[in-house]
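**Q** predicted structure and sequence below. I'll ask about it afterward.
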Number of protein chains: 2
Amino acid sequence: MNILITGGAGFIGSHLADALLAAGHRVTAVDDLSCGREANIDHLGGHPQFQFLKLDVCDEPALSEVFANGSFATVFHMVANSDIQAGANQLDLDLNRTFLTTFAVLRAMKQFGVRQLVFASTSAVYGELAGPLREDAGPLFPISFYGAAKLASEAFVSAWVGNFGIQAWIARFPNVVGERTTHGVVFDFINRLTADPKRLTILGDGKQCKPYLYVKDLVEGMFFIWERSKEPLNYFNLGVGSDTTVRRIAEIVVEEMCLRDVEFSFTGGDRGWVGDVPRFQYDLGKVHKLGWQARRTSDEAIRLAVQAELARRGAQK
Amino acid sequence: MNILITGGAGFIGSHLADALLAAGHRVTAVDDLSCGREANIDHLGGHPQFQFLKLDVCDEPALSEVFANGSFATVFHMVANSDIQAGANQLDLDLNRTFLTTFAVLRAMKQFGVRQLVFASTSAVYGELAGPLREDAGPLFPISFYGAAKLASEAFVSAWVGNFGIQAWIARFPNVVGERTTHGVVFDFINRLTADPKRLTILGDGKQCKPYLYVKDLVEGMFFIWERSKEPLNYFNLGVGSDTTVRRIAEIVVEEMCLRDVEFSFTGGDRGWVGDVPRFQYDLGKVHKLGWQARRTSDEAIRLAVQAELARRGAQK
């Protein structure tokens, strides 16, 4: 099957490319490399079923050419501003990079008659609703611009399904960790402990508690819902039943870096930054009932992510 | 209080201007006149507390100048593509005119420190959820592009409240009828019966059944929630507890036009067009509890709308 991955050189997109190729599909990955990195797909160079094209999906002529040549059965739309905190400081970043990119892909799908869309959404659409959160929870009032732009994207995906008879799978991701991350709490803690191995300042009170899903589990989950659910519009929380506090993440980083006597200090307050949601919990009943569960716990996912990042830095030396 | 109405020459915006002026506020109305009409505000020309400026809110320098000169306490953001059916035939109409207009207004509010936003949303955000629909119903999967663009707008309003401490009132409108409409079912039926007083073709099976709220009741309801609810983000269904079938609308139009022996025919199917929602019902408990109810029934609202439109046409002859 011919598949397009937008954001295919990104953290999650590149793992998706690995998995789709392993399953025997032909994969075209596009990425403007603003968040993605060529290093994430270097190992796929020369793969006969893989091609990479550097482009911005909002460049309409360039995207049209990709669609015209691609005969895609399915689009996995992964493009987004993946740095949620940066979105809080730049008003139109998520508008342009998280929402309007989705609109551009939907428009091309309509124009070229592509019938299937797998869309990367987020727990941030739920805002500060108290969990455990089912997929039909409401009202949906996101706090972050990222969450707002993803909800806006879901809304247009839904209208596309309603008007043009495409089939869509909306996968609402939690925090995702693992090989090839370029930011986030694991990355930050390693950076700061590398600079100063004696102390670590932690944003908030350290009690912010979230489920962290291992990236390869996430990719497996996306595959699973894409293959097994058959409604016109399918929507699932993808997650893991356990969670990890920010303090515990710091402890795992310290352990894996073999540090001792690190002094933790906390900036205080119940959240890391404005727009951060201090804790949330998914109800995973829907995807569990379909037959999928994450293999690794949240703590295991964090540890795998820390190990991978330390190995990558070690290899670079 | 200095108030900005975007879409102030539109169907609802112009009634809002009347009501705000009657309450003693100073009103600046902006409108690009793509949907709005100067005729709707002609009667306000010369009012010492009113000014009208023709501009597109997406014209950033022009909008900035209005905000710089306005010292607005509150923005009533009414701009939207008000022709939902047209949005189904033109992919980016609701993106540009219903959603990006909202983003432009939010950006200006942030830049100029305006703290209150009353936002015109819609029942279309609920998609095809079965009623009676409470404000916290989910999942939110709109069918129409209009509904998608309004949900996208709500999402960004919510992020603005979360990040910038503004206060917002989201009023989800049902179908609204009354003086100064320029399209919709009442308008269409009068047009068609004027052209051929003997027969009327009705889209769908005529059993589509919706609540129609009289425009002056709607404006009163918006005022009421704006004055009485004090949360950072306030959101209400505004509606009327009764409803009217499409066939009944046709009958009321026939009665008010004093026609006889009109033959109705139906195109069939359960909806008027793709993206139409054949029936829906609000749960109005939240706004009723706050103390507001519509004065006119849905049938009365339709009859008032028909009478107003016939009077307008009579006056033009």
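**A** Looks like it came in fine.

**Q** give me the pLDDT for A:V185.
**A** Per-residue pLDDT puts A:V185 at 88.

**Q** could you list which residues are in contact with it?
**A** Contact partners of A:V185, counting by Cβ atoms under 8 Å, 6 or more residues apart in numbering or on different chains, are A:246, A:249. For the C-beta atoms, the positions are set from N, CA and C on the backbone; glycine is no exception.

**Q** need phi/psi at it.
**A** A:V185 adopts backbone torsions of phi -70, psi -40, taken as degrees, to the nearest 10.

**Q** check A:R312 too.
**A** With angles defined as degrees, to the nearest 10, A:R312 sits at phi -60, psi -40.

**Q** that one: neighbour count?
**A** Applying other Cβ atoms under 10 Å in any protein chain shown, we find 13 residues neighbouring A:R312.

**Q** contacting residues for the residue lying closest to it once chain neighbours are set aside?
**A** Spatially, and ignoring its direct neighbours in sequence, A:R312 is nearest to A:E179 (7.6 Å; Cβ to Cβ, 6 or more residues apart in numbering or on different chains). When contacts are counted by Cβ under 8 Å, 6+ apart, A:E179 touches A:15, A:215, A:305, A:308-309, A:312.

**Q** look up how far A:K110 lies from A:E179.
**A** Distance, A:E179 to A:K110, using Cβ to Cβ, to the nearest Å: 35 Å.

**Q** follow-up on the earlier one: buried members of the contacts of A:E179 into PyMOL, please.
**A** Of those, the buried ones can be selected in PyMOL as follows, counting by 16 or more other Cβ atoms under 10 Å in any protein chain shown:
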select buried, chain A and resi 15+215+305+308+309
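
**Q** phi, psi for the closest residue to A:G184 other than its chain neighbours please.
**A** Spatial nearest neighbour of A:G184, excluding adjacent residues (Cβ to Cβ, 6+ apart): A:V177 at 6.9 Å. Torsion angles at A:V177 (phi, psi; degrees, to the nearest 10) stand at phi -130, psi 160.

**Q** list the residues that contact A:V177.
**A** If you count contacts by Cβ under 8 Å, 6+ apart, A:V177 has them with A:184, A:186, A:212-215, A:301-302, A:304-305.

**Q** return the closest of those residues with respect to chain B.
**A** If you rank those by distance to chain B using Cβ to the nearest Cβ, A:G184 comes first, at 19.9 Å.

**Q** the closest one contacts A:G178, doesn't it?
**A** No - applying Cβ atoms under 8 Å, one finds A:G184 not in contact with A:G178, separated by 10.5 Å.

**Q** more crowded one of the two?
**A** Taking neighbours as other Cβ under 10 Å, A:G184 and A:G178 compare with A:G178 leading, 25 against 19.

**Q** contact partners for the closest residue to that one other than its chain neighbours?
**A** Counting by Cβ to Cβ, 6+ apart, A:G178 lies nearest to A:V215, which is 3.3 Å off, once chain neighbours are set aside. Counting by Cβ under 8 Å, 6+ apart, A:V215 touches A:11-12, A:15, A:176-180.

**Q** can you rerun that using 7 Å?
**A** By Cβ atoms under 7 Å, 6 or more residues apart in numbering or on different chains, A:V215 lies in contact with A:11-12, A:15, A:176-179.

**Q** what about it, distance to A:Q307?
**A** Using Cβ to Cβ, A:V215 is found at 13 Å from A:Q307.

**Q** A:F189 too?
**A** From A:F189 over to A:Q307 the distance is 13 Å, taken as Cβ to Cβ.

**Q** what about those two, which has more around it?
**A** Shown here are A:F189 and A:Q307; by other Cβ under 10 Å, A:F189 has more neighbours (22 against 14).

**Q** wait, doesn't that one sit right on A:A250?
**A** Yes - in terms of Cβ atoms under 7 Å, A:F189 counts as a neighbour of A:A250; the distance is 5.8 Å.

**Q** what sits in contact with each of those two?
**A** When contacts are counted by Cβ under 7 Å, 6+ apart, A:F189 and A:A250 are jointly contacted by A:L200.

**Q** by mean pLDDT, which helix or strand of chain A comes out lowest?
**A** helix A:84-89 (a mean of 77; mean pLDDT, DSSP states H and E).

**Q** counting contacts, what elements does it pack onto?
**A** helix A:93-94, helix A:145-164 (3 or more Cβ pairs under 7 Å, 6 or more residues apart in numbering or on different chains; DSSP states H and E).

**Q** can you say which of those is packed in most?
**A** Counting by mean count of other Cβ atoms under 10 Å in any protein chain shown, helix A:145-164 has the highest mean neighbour count of the helices and strands packed on helix A:84-89, with a mean of 27.

**Q** that one vs helix B:145-164, what angle?
**A** 180 degrees (axes from the mean of the first three to the mean of the last three Cα atoms, to 10 degrees).

**Q** can you list the strands that the next helix-or-strand element following helix A:145-164 pairs with?
**A** Using DSSP states H and E, the next helix or strand after helix A:145-164 towards the C-terminus is strand A:167-173. Applying DSSP bridges to the sheet, strand A:167-173 is found paired with strand A:116-122 (parallel), strand A:233-237 (parallel).

**Q** what ranges does the stretch 151-300 of chain A have for its helices?
**A** Secondary structure of the stretch 151-300 of chain A by DSSP state H, counting those that start in this stretch: the helices cover A:185-195, A:215-228, A:246-256, A:285-290, A:298-316.

**Q** using CSV, lay out those helices together with distance to B:A130.
**A** As requested, those are exported to CSV (distance: least, Cβ to Cβ, whole Å):
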stretch, distance to B:A130
helix A:185-195, 41
helix A:215-228, 24
helix A:246-256, 41
helix A:285-290, 19
helix A:298-316, 36
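
**Q** helix, strand or coil: sort out the closest residue to A:D32 other than its chain neighbours for me.
**A** Nearest residue to A:D32 in three dimensions, chain neighbours excluded: A:D56, at 4.1 Å (Cβ to Cβ, 6+ apart). Under DSSP: H, G, I helix; E, B strand; the rest coil, A:D56 falls in the coil class.

**Q** could you pull up phi and psi at A:D56?
**A** Main-chain torsions, A:D56, degrees, to the nearest 10: phi -90, psi 120.

**Q** that one: neighbouring residues, count only.
**A** When counting by other Cβ under 10 Å, one arrives at 17 neighbours for A:D56.

**Q** for chain A, which residues are neighbours of chain B?
**A** Proximity of chain A to chain B (Cβ under 7 Å from any Cβ of the partner chain) is limited to residues A:88, A:91, A:95, A:103, A:107, A:110, A:127, A:135-145, A:147-148, A:151-152, A:155-156, A:158-159, A:162-163, A:233, A:235, A:274-275.

**Q** hang on, A:D299 packs against A:G241?
**A** No - the criterion here is Cβ under 7 Å, and A:D299 misses it with A:G241 at 11.9 Å.

**Q** more neighbours: these two, which one.
**A** Shown here are A:D299 and A:G241; by other Cβ under 10 Å, A:D299 has more neighbours (18 against 14).

**Q** enumerate every residue touching that one.
**A** Contact partners of A:D299, counting by Cβ under 7 Å, 6+ apart, are A:242, A:244, A:248.

**Q** got the contact list for the residue in the stretch 1-150 of chain A that chain B sits nearest to?
**A** Residue nearest to chain B within the stretch 1-150 of chain A (Cβ to the nearest Cβ): A:G138, separated by 3.0 Å. Residues near A:G138 by Cβ under 7 Å, 6+ apart: B:136-138, B:140.

**Q** give me that answer again for 6 Å
**A** B:136-138 (Cβ atoms under 6 Å, 6 or more residues apart in numbering or on different chains).
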